[in-house]
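Enquirer: missing the sequence, but the structure's below:
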């Protein structure tokens, strides 16, 4: 096992609704089932619902990133079922900065609070355990649903990076960048806990 780029990033994080488990090979079958709705992949740069091979390529990349320590992907469990995934990426402990991204969920849990609690757990771990000063988020600038969800966390829009990524069809994606910094964290934590009824 490689040394993590940010030791301690890959930890089991438990809340009232969800548990984030560091991604393991054993999660593949449940994630495959959760990944089958094409709506999940509309704005992502892979479509793991396209075929078993496409899912295998997506999962292999995530598992490799976990094994190398370059990223910290998680399986998100709600009750007994794995319903999606999220991860820490762009780990820069020397700058006390990381990104939360590659988040997707089965549509059955959209709007249920699963994402809100997962983000609370990730942010709390980043700021209170890892000592991060800055957590970043990015999304396709056209993805209004994702932009609204990120803003609802209390993240600040910092701008749009034009032609930031190449899309599956070869087109260009503009990426909207958001952040939460450690100065924001107490108010953001209170906001998320209030949304969850803590």
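Expert: Structure received. Quantities reported herein were computed from a predicted structural model and do not represent experimental measurements.
Enquirer: can you give me the neighbour number for residue 44?
Expert: Neighbourhood size, residue 44 [other C-beta atoms under 10 Å]: 19. Using the backbone N, CA and C atoms, a C-beta is placed for each residue, glycine as well.
Enquirer: wait, it touches residue 104, no?
Expert: Yes - in this structure, residue 44 is within contact of residue 104 by C-beta atoms under 8 Å, at 6.8 Å.
Enquirer: low-confidence ranges, this structure, go.
Expert: The chain contains residues with pLDDT under 70 at 1-2.
Enquirer: flag every buried residue along stretch 120-137.
Expert: Across stretch 120-137, burial judged by 16 or more other C-beta atoms under 10 Å covers 120-127, 130, 132, 134-137.
Enquirer: ugh, typo on my part, it should be stretch 14-31
Expert: Buried residues in stretch 14-31, counting neighbours by 16+ other C-beta under 10 Å, are found at 15, 17-23, 27-28, 31.
Enquirer: just give me how far it sits from the chain centre.
Expert: 13 Å (C-alpha atoms, centre = their mean, to the nearest Å).
Enquirer: how far does that stretch stretch from start to finish?
Expert: Taking C-alpha to C-alpha, to the nearest Å, the first and last residues of stretch 14-31 lie 19 Å apart.
Enquirer: with stretch 148-160 instead?
Expert: 15 Å.
Enquirer: hmm, who's touching it?
Expert: 115-116, 119, 123, 137, 139, 141, 147, 174-180, 184, 187-188, 191-192 (C-beta atoms under 8 Å, 6 or more residues apart in numbering).
Enquirer: just those: which are in strands?
Expert: Counting by DSSP state E, the contacts of stretch 148-160 place 137, 139, 174-180 in strands.
Enquirer: and the host helix or strand of residue 135, which strands flank it?
Expert: Secondary structure from DSSP states H and E places residue 135 in strand 134-140. Strand 134-140 pairs in its sheet with strand 97-105 (parallel), strand 172-181 (antiparallel), by DSSP bridges.
Enquirer: which of the residues in the last one are buried?
Expert: Going by neighbour count (16+ other C-beta under 10 Å), the buried part of strand 172-181 is 173, 175-181.
Enquirer: how close does residue 157 get to residue 175?
Expert: Residue 157 is 11 Å from residue 175, where distance means C-beta to C-beta, to the nearest Å.
Enquirer: nothing else from me, thank you.
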